[in-house]
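Visitor: Compute the structure for the input listed below.
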Amino acid sequence: MVDRRHMRRLGVAALAAVMLLGGCGKKKELALPTAKEIESHYTYRGTLTARLNGNVAEVTVVQPSSQITRGGVLWAKVGPYILLFSDDTQSLFKDYPGLAGVQIVTELAGGREIARALLARNELSDILWRRSLNIAGQARRDGTKRPSLLDDLVRWGEEHTQYEYNKKYTST
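Guide: Numbering: from 1, shown residues only. As a prediction, this is how the structure comes out:
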């Protein structure tokens with residue numbers, strides 16, 4: 001006759017073995033996008049190019065000089081955040097688990113850099129993503145009429161990214 005405790009131990013051991021074997025399968029591949037795949041994630045009316053820099057997607061957009069002329073420092077700073085906090089970036093992270101970050105670089109036609117911001121994959125929780133999309137959406141929709149919304153987006157971006165601004169366009 002088999003002891004119940006012995007049977008329970010065998011059951012626990014068998015369960016542990018199954019769990020270990022289940023974990024021995026192939027690890028989920030940490031896929032990275034190509035430059036074309038990065039570009040295809042974004043909707044932008046102007047010039048947009050992308051490249052993969054290690055495991056960071058780097059997206060460069062040409063920001064219209066009229067925005068900098070009319071909007072000054074605020075428009076120079078907000079440029080990267082308009083694209084960075086978007087459904088496009090969120091879906092890029094979801095589609096490519098190996099992507100560590102997304103960096104948006106804004107420049108003028110001719111290549112002079114205005115600003116850049118890098119968002120790390122794990123910086124935003126689901127709740128913070130929703131908040132980011134809300135702030136950026138309001139700024140995109142009403143920022144021209146209410147510049148305070150652009151300012152809110154800049155502050156949010158500075159709290160959640162690594163950023164650099166070209167002093168020529170952002171010094172007050």
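Visitor: Neighbours of the residue nearest to D87 when sequence neighbours are not counted, how many?
Guide: Distances taken as C-beta to C-beta, 6 or more residues apart in numbering place L133 nearest to D87, at 6.7 Å, with adjacent residues excluded. Backbone N, C-alpha and C define where each C-beta goes, glycine included. For L133, the count of nearby residues is 16 (other C-beta atoms under 10 Å).
Visitor: what distance separates the host helix or strand of L133 from the middle of the whole chain?
Guide: Per DSSP states H and E: L133 is located in helix 126-142. Here helix 126-142 is found 13 Å from its chain centre; the criterion is C-alpha atoms, centre = their mean, to the nearest Å.
Visitor: how about the strands of the chain, start to end?
Guide: 48-53, 56-62, 101-107, 113-120, 162-165 (DSSP state E).
Visitor: The third one - what's its average pLDDT?
Guide: For strand 101-107, the mean per-residue pLDDT is 98.
Visitor: Where do the helices of the protein begin and end?
Guide: 4-23, 35-41, 65-84, 87-95, 126-142, 147-160, 167-170 (DSSP state H).
Visitor: so which of these gets nearest G111?
Guide: Taking C-beta to C-beta, helix 65-84 is the member of the helices of the chain nearest to G111, at 12.6 Å.
Visitor: Now that closest one: buried residues?
Guide: Residues 67-68, 71, 74-84 are the ones in helix 65-84 that count as buried (16 or more other C-beta atoms under 10 Å).
Visitor: next one: stretch 45-53
Guide: Buried, per 16+ other C-beta under 10 Å, within stretch 45-53: 48, 50, 52.
Visitor: try stretch 158-170
Guide: Of the residues in stretch 158-170, 160-161, 163, 165-166, 169-170 count as buried by neighbour count, 16+ other C-beta under 10 Å.
Visitor: shouldn't Y169 be in contact with G71?
Guide: No: counting by C-beta atoms under 8 Å, Y169 sits too far from G71 to count as a contact (10.3 Å).
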